[in-house]
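A.B. asks: output the structure for:
(chains A, B, C and D)
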2 protein chains.
Amino acid sequence: MYASHLLPQAAGVAYQLSGRPSDAADLDCMLASQPVEKLAVGEAVFWEGDTASHLFQIVEGCLRLYRILADGRRAIIGFRFGGETLGMACQNTYGYTAETVTAVRLRRIGRNRIWAATDGADLLQPVLMARIFEEMAAAQRHIIVLGQLGAEERVANFLISFACRTGSDRRRPVAVELPMTRLDIADYLGLTIETVCRVISKFKREGMIAPDGRHRIILKDISALLHLAGELEDGTSSDLAGMTQRPPAWAN
Amino acid sequence: MYASHLLPQAAGVAYQLSGRPSDAADLDCMLASQPVEKLAVGEAVFWEGDTASHLFQIVEGCLRLYRILADGRRAIIGFRFGGETLGMACQNTYGYTAETVTAVRLRRIGRNRIWAATDGADLLQPVLMARIFEEMAAAQRHIIVLGQLGAEERVANFLISFACRTGSDRRRPVAVELPMTRLDIADYLGLTIETVCRVISKFKREGMIAPDGRHRIILKDISALLHLAGELEDGTSSDLAGMTQRPPAWAN
DNA sequence: CGGACCGTTGAGGCTTGTCAATATCCGTGG
DNA sequence: CCACGGATATTGACAAGCCTCAACGGTCCG
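C.D. replies: Below is the predicted model of the structure:
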């Protein structure tokens, strides 16, 4: 399912092709003129605390975003895939380290150039804001997952949300690619690697999923997973279409 | 601050022409011209799902921000106090309900007016972005607290972060006002009310804190609390400077 | 003064973490 | 192409932490 780079940023490009001289095209245009950089597995794009000088667009691959705590624990804040952006909602310095899970191809652009572009005609601004707000909404969903849900609910949420993001075809059963390790998943969900394994095994026993190798899981009973997930993922997928196909919120 | 009585549409521009290149005043200025509204205990400012039409500045009081899950659980996303803003990092609709914990006085301003004011020269934008980024950083800290820390660590974090926010004088011991109930704290920290109580009692037994009534706690051993909290609260000031001291345009 | 709500404390059970052993995957080199 | 070795994943037994249920105490308010 790594054909995702063939349809980069569904939102931006689709909108661009629709013929409207839209805002979404701006950012993509600026980025499209940048050279593509390649990173091997395990390389860092930037480190927590680095000056947040650039914004990145992932062409292909998967990244993990994490912080290391004082006692050595690793907290994974999130993952990013091809078609998504990186370094958007940062202050002076990056708040986390971004490291490749797979080989990654990406483009970068100076944040100063972004902000300079908004000074003139600010067609760009709504797109930036929409993406930042989407990141915020994702963070709040994650807060609820970590604060309120049990292990099975967390894993169900994880699977469902990744099924939505990686743009699986809507036929059922859906196959989900999980390039990250179980440890990555555990550090993301606030569980241990053993608990993640046990939950996955249980889902498999109960026929809800069918693992296919380490990094691929077929979701066989999506409604059961959705029910477990607590319907946190219904109207709130990382679907950017909602933000572009509608007058921006701040236009009121 | 400015004692301006600006017409709604002219607010941003008028400020812009006023000659002071200080951005932070902008938003405060626009808000200062709005009437103060008063809310009683338990009233909602807005509900999850409402159209996000306004931005609010809390003059005085305390609010809880929460979502109700499908099964009835309540997840508190955060608290807001006097001097803080509300409804900043939202998309089309508010992502949570905002309800008063104490009596609250606040001002509101239409989001459309905010964005209209950024259309010209955007002195306002850096301030808005800085606050949004600060909200984002707070959300990521909360993710780490909920995902990685145990009950005692969570409560210690909670106490420390509130000691910082409510602007306690730096003399030690520091008194922290906690207007919310234990249930609010539990729903915020992803614990039960009983666990919160037990941790507080333990801290009290060990001489780290000294509760004074239900809604006031004196922190007697801050370094011990900081150590428990895992030093998550040290270098995270809400530094607005970053967006205004941009790197030069050639720094790509 | 009484009642309702909030807070505190205790006993026991369930979920998850820890430790340990085994199995599987995958890249590397023969 | 196959064998090997290290990393990753899985499974089980046990312990620890947190939740549930229950009872009691405190406080605020009518």
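A.B. asks: now the one residue sitting closest to the centre of chain A, nearest residue through space, not along the chain?
C.D. replies: Central residue of chain A (Cα atoms, centre = their mean): residue A:80, 3.9 Å from the mean position. If the residues on either side of it in the chain are set aside, residue A:80 comes closest to residue A:63, at 4.5 Å by Cβ to Cβ, 6 or more residues apart in numbering or on different chains. All C-beta spots, glycine's among them, are computed from the backbone N, C-alpha and C.
A.B. asks: what helix or strand is the one you found located in?
C.D. replies: When elements are defined using DSSP states H and E, residue A:63 is found to belong to strand A:62-68.
A.B. asks: buried sites along that strand?
C.D. replies: Judged by neighbour count using 16 or more other Cβ atoms under 10 Å in any protein chain shown, the buried positions of strand A:62-68 are A:62-67.
A.B. asks: with stretch A:216-233 instead?
C.D. replies: A:217, A:219-222, A:224-226, A:228-230, A:232-233.
A.B. asks: same thing with stretch A:178-189?
C.D. replies: A:178-180, A:182, A:184-189.
A.B. asks: and stretch A:126-143, how far from the chain's centre?
C.D. replies: 11 Å (Cα atoms, centre = their mean, to the nearest Å).
A.B. asks: for stretch A:131-146, same thing?
C.D. replies: Distance, stretch centre to chain centre, for stretch A:131-146: 11 Å (Cα atoms, centre = their mean).
A.B. asks: any part of that stretch near DNA strand D?
C.D. replies: No. Judged by Cβ under 7 Å from any atom of the strand, stretch A:131-146 and DNA strand D are separated, with a smallest distance of 11.8 Å.
A.B. asks: using PDB, write out every CA atom in that stretch.
C.D. replies: As requested, the backbone C-alpha atoms of stretch A:131-146 are provided in PDB (Å, rounded to 0.1, in the frame of the first residue of the first chain):
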ATOM      1  CA  ARG A 131      -3.500  22.200   9.100                       C
ATOM      2  CA  ILE A 132      -2.500  23.500  12.500                       C
ATOM      3  CA  PHE A 133      -6.000  23.200  13.800                       C
ATOM      4  CA  GLU A 134      -6.100  19.600  12.500                       C
ATOM      5  CA  GLU A 135      -2.900  18.900  14.400                       C
ATOM      6  CA  MET A 136      -4.500  20.300  17.500                       C
ATOM      7  CA  ALA A 137      -7.600  18.200  17.000                       C
ATOM      8  CA  ALA A 138      -5.500  15.100  16.600                       C
ATOM      9  CA  ALA A 139      -3.600  16.000  19.800                       C
ATOM     10  CA  GLN A 140      -6.900  16.300  21.700                       C
ATOM     11  CA  ARG A 141      -8.100  13.000  20.400                       C
ATOM     12  CA  HIS A 142      -4.800  11.500  21.500                       C
ATOM     13  CA  ILE A 143      -5.300  13.000  25.000                       C
ATOM     14  CA  ILE A 144      -8.600  11.300  25.300                       C
ATOM     15  CA  VAL A 145      -7.200   8.000  24.100                       C
ATOM     16  CA  LEU A 146      -4.400   8.100  26.600                       C
END
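A.B. asks: average pLDDT for it, rounded please.
C.D. replies: Model confidence over stretch A:131-146, given as mean pLDDT, is 96.
A.B. asks: for the buried residues of strand A:62-68, which one is nearest DNA strand C?
C.D. replies: Minimum separation from DNA strand C among these (Cβ to the nearest atom of the strand) is found for residue A:62, which lies at 14.6 Å.
A.B. asks: dig out what that closest one forms beta bridges with.
C.D. replies: Beta-bridge pairing for residue A:62 (DSSP bridges): residue A:81.
A.B. asks: for it, what are its contacts?
C.D. replies: Listed by Cβ atoms under 8 Å, 6 or more residues apart in numbering or on different chains, the contact partners of residue A:62 are A:79-82, A:100-102, A:104, A:179-180.
A.B. asks: how does it look with 10 Å?
C.D. replies: With contact set as Cβ atoms under 10 Å, 6 or more residues apart in numbering or on different chains, residue A:62 has these partners: A:2, A:4, A:41, A:79-82, A:84, A:100-104, A:166, A:177-180, A:184.
A.B. asks: got a ChimeraX select line for the buried ones in those residues?
C.D. replies: Written as a ChimeraX command, the selection of buried residues from the contacts of residue A:62, which uses 16+ other Cβ under 10 Å, is:
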select /A:4,79,80,81,82,84,100,101,102,104,166,177,178,179,180,184
